[in-house]
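S.K.: when you get a sec, could you give me coordinates for this:
(one chain, ligands or ions: 1)
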Amino acid sequence: MGNNTRPDSMERITTKELADVFITEQVKEIQAQVGDKKVLLALSGGVDSSVVAALLIKAIGKQLVCVHVNHGLLRKGEPEQVVEVFRNQMDANLIYVDAVERFLNKLADVAEPEKKRKIIGAEFIRVFEEEARKQEGIEFLAQGTIYPDIIESDGVKAHHNVGGLPEDLKFELVEPLKFLYKDEVRVVGKALGLPDGMVYRQPFPGPGLGVRCLGAITRERLEIVRESDAILREEFAKNGLEGKVWQYFTAVPDFRSVGVSDGERTFAYPVILRAVNTVDAMTATVENVPFELLEHITKRITHEVTGVNRVLYDLTPKPCGTIEWE
Ligand SMILES: Nc1ncnc2c1ncn2[C@@H]1O[C@H](COP(=O)(O)OP(=O)(O)OP(=O)(O)O)[C@@H](O)[C@H]1O
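M.R.: From the prediction side, this is the model:
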């Protein structure tokens, strides 16, 4: 597994120049490690795996096989962005797996949050394993392990990422970011030419929108979560809150309430807005979003998203709430 301690001499990567030096070094190391063999990577479109992908494309081009799984729980526009950036712009070897039906069928009628998370995690490994078995001659698995992942696991565990693959698919690991902190990963990503929307993306839970579509997931409510989240993100970006607020999203409960629209009774879902700031995710405070902006977002969501008749703003800090609802 190699050494897992960041060398004391390693300078913090804060500028493009430092990032370029890191990239040049890593390209050489990756080429030396991999030779002419093939490398597999699960590419979520999140910062870590995207930066690993861009680095490996630079080092070994089409010897890298990226697998992106659309499990139906990604944010609006995300799968399309992965295809656009990696397949169209970087000419990567990208396998796009449409597994939406498969995941949603498995999740039907499952309301318990931990059970939902387990199903999503297990199904992800199964889909990834199937794709891995279709490939010939893979010898390496690239992972977006970063230094906090190693610190959190005391350097003992190889990593949380695509752990869980069966024994016969235990490839040698390629982990070029394993000594970097998140801010350094972003600087490297920018130097590699990844779009800002990818490099500065806010944290997104592994099970995706699945834990924001509260209770048993339905296609109707999942669409409400996705569309309302897109409106919230658009408005935060327009109003200078993107990059300022640590995390913001919408959640949709599994009950409806009575409302009125054009003189007619409605019976529709509420959308909960959440916007929080934190340093270490152990505690969090609620962002003081201007009231007029909350009103504007409420108006847009209730007018533009079908099946919604109320919008609520979650004022709960952590503790006693958690950041996510499930
Ligand atoms: N939909 C997906 N398609 C392909 N790979 C995925 C997908 N979701 C997660 N992964 C893989 O699992 C890893 C861990 O996912 P997790 O959601 O915990 O994000 P992370 O550790 O913040 O990494 P990232 O920033 O790359 O998303 C990712 O780095 C990626 O390799």
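
S.K.: and P7, what helix or strand is that in?
M.R.: If you go by DSSP states H and E, P7 is not part of any helix or strand.

S.K.: so which strand or helix has I60?
M.R.: helix 47-60.

S.K.: what about that helix, near the ligand?
M.R.: Yes: using Cβ under 6 Å from any ligand atom, helix 47-60 reaches the ligand at V47, D48, S49. C-beta here means a position set from N, CA and C on the backbone, and glycine is covered the same way.

S.K.: got those as CSV, with pLDDT and neighbour count columns?
M.R.: Shown next, in CSV, are the residues of helix 47-60 next to the ligand (pLDDT from 0 to 100; neighbours: other Cβ atoms under 10 Å):
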residue, pLDDT, neighbour count
V47, 95, 24
D48, 96, 19
S49, 96, 22
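
S.K.: nearest to V286, of the residues you listed?
M.R.: V47 (24.6 Å; Cβ to Cβ).

S.K.: which residue ranges form the helices in this structure?
M.R.: 16-34, 47-60, 78-82, 100-107, 113-134, 147-152, 182-191, 196-199, 219-238, 291-304 (DSSP state H).

S.K.: tell me which of those helices sits nearest to D91.
M.R.: Set against D91 and scored by Cβ to Cβ, these come closest in helix 47-60, at 8.0 Å.

S.K.: run through who's touching that closest one.
M.R.: The contact list for helix 47-60 (Cβ atoms under 8 Å, 6 or more residues apart in numbering) reads 23, 26-27, 30-31, 34, 39, 41-44, 64, 66, 85-86, 90-92, 142-146, 174, 176-177, 182, 185-186, 188-189, 192-194, 198-199, 201.

S.K.: using the record's domain definitions, break this protein down for me.
M.R.: 16-200, 212-313 (the TED database).

S.K.: any idea which of those domains scores lowest on pLDDT?
M.R.: Within the domains of the chain, the stretch with the lowest mean pLDDT is domain 16-200, showing a mean of 93.

S.K.: just the terminal-to-terminal distance for it.
M.R.: 15 Å (Cα to Cα, to the nearest Å).

S.K.: same thing with stretch 273-288?
M.R.: Per Cα to Cα, the first residue of stretch 273-288 is 12 Å away from its last.

S.K.: again, but for stretch 98-111
M.R.: End to end - Cα to Cα - stretch 98-111 spans 24 Å.

S.K.: and for stretch 212-223?
M.R.: 11 Å.

S.K.: what does that stretch rub up against?
M.R.: 72-73, 104, 107-111, 116, 209-210, 225, 229, 249-254, 269, 306-307, 324-326.

S.K.: and what of stretch 248-263?
M.R.: Here stretch 248-263 makes contact (Cβ under 8 Å, 6+ apart) with 111, 202, 212-216, 218, 221, 224-225, 228-229, 232-233, 236, 241, 265-276, 287, 301, 309-310, 324-325.

S.K.: buried subset of those residues?
M.R.: Buried subset of the contacts of stretch 248-263 (neighbour count, 16 or more other Cβ atoms under 10 Å): 212-215, 218, 221, 224-225, 228-229, 232-233, 236, 241, 266, 268-276, 287, 301, 309-310, 324-325.

S.K.: which of those residues fall in strands?
M.R.: Using DSSP state E, the members of those that fall in strands are T266, A268, Y269, P270, V271, I272, L273, R274, A275, V276, N309, R310.
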